[in-house]
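Visitor: Okay, predicted coordinates and the sequence, questions at the end:
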Amino acid sequence: MDLYYTKYLKYKNKYLKAKKQIGGMTKVQFQFKGKNLEAFVPDKFLCPISFDLMNNPVILSDGQTYEKDHIEKWFQDHNTSPNTGSVITNKTMLVNYALKGAIHDFKEYIYEETIKKEREEREEKEEREERVKKEIEEREEREEKEQSNIYIKYNTEKYYDFTNKLNKKYK
């Protein structure tokens, strides 16, 4: 099973390296402030082991940055770098604060843009509903006016007919 996982990682790393040459952005889903978000993120923000957006990036002696949980799990079965395959004798992990801050700022930006977009969509929907409501009220008002005009016309005709009959009768 370990051999298959290693091959999987090898091909996934090759895919990621090829993708970096093409564009370097990957669409991912993540949670931030209790909201499910989706965005294209720079590949540098993804853990090279799991290809998930990193929350707690750590840098190792090989100069590579990984998600802390994933590299700890990797070191349970391996003593090599997941990216280079070279033996890592110093397994000290240092928090990559610069990357952690950049990822947090990126998530914050996506969150704010998503909230802004949702608010704009909600306002547009409310405006459409208000326009439709106003159009319905105007149409009902026109129909009511037309009904009233028909009623007046009908009664006016009846009145003239009645007065004509009276005039003929008393002439």
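Guide: Thanks, I have it. Remember, it's a predicted structure, so these values are computed and weren't measured experimentally.
Visitor: For burial, what's the neighbour tally of L9?
Guide: 18 (other Cβ atoms under 10 Å). Bear in mind the C-beta positions are built from the backbone N, C-alpha and C, glycine included.
Visitor: wait, L37 sits on I110?
Guide: Yes - with contacts counted by Cβ atoms under 8 Å, L37 reaches I110, the gap being 5.4 Å.
Visitor: And E141, how far from E130?
Guide: Per Cβ to Cβ, to the nearest Å, E141 is found 16 Å from E130.
Visitor: same deal with N56?
Guide: Look at N56 and E130: by Cβ to Cβ, they are 47 Å apart.
Visitor: between those two, who's got more neighbours?
Guide: More crowded of N56 and E130, by other Cβ under 10 Å: N56, with 15 against 10.
Visitor: hang on, that one packs against K100?
Guide: Yes - under the criterion of Cβ under 8 Å, N56 makes contact with K100 at 7.1 Å.
Visitor: hey, where'd the strands end up in this protein?
Guide: 25-32, 35-42, 57-59, 65-67, 94-95 (DSSP state E).
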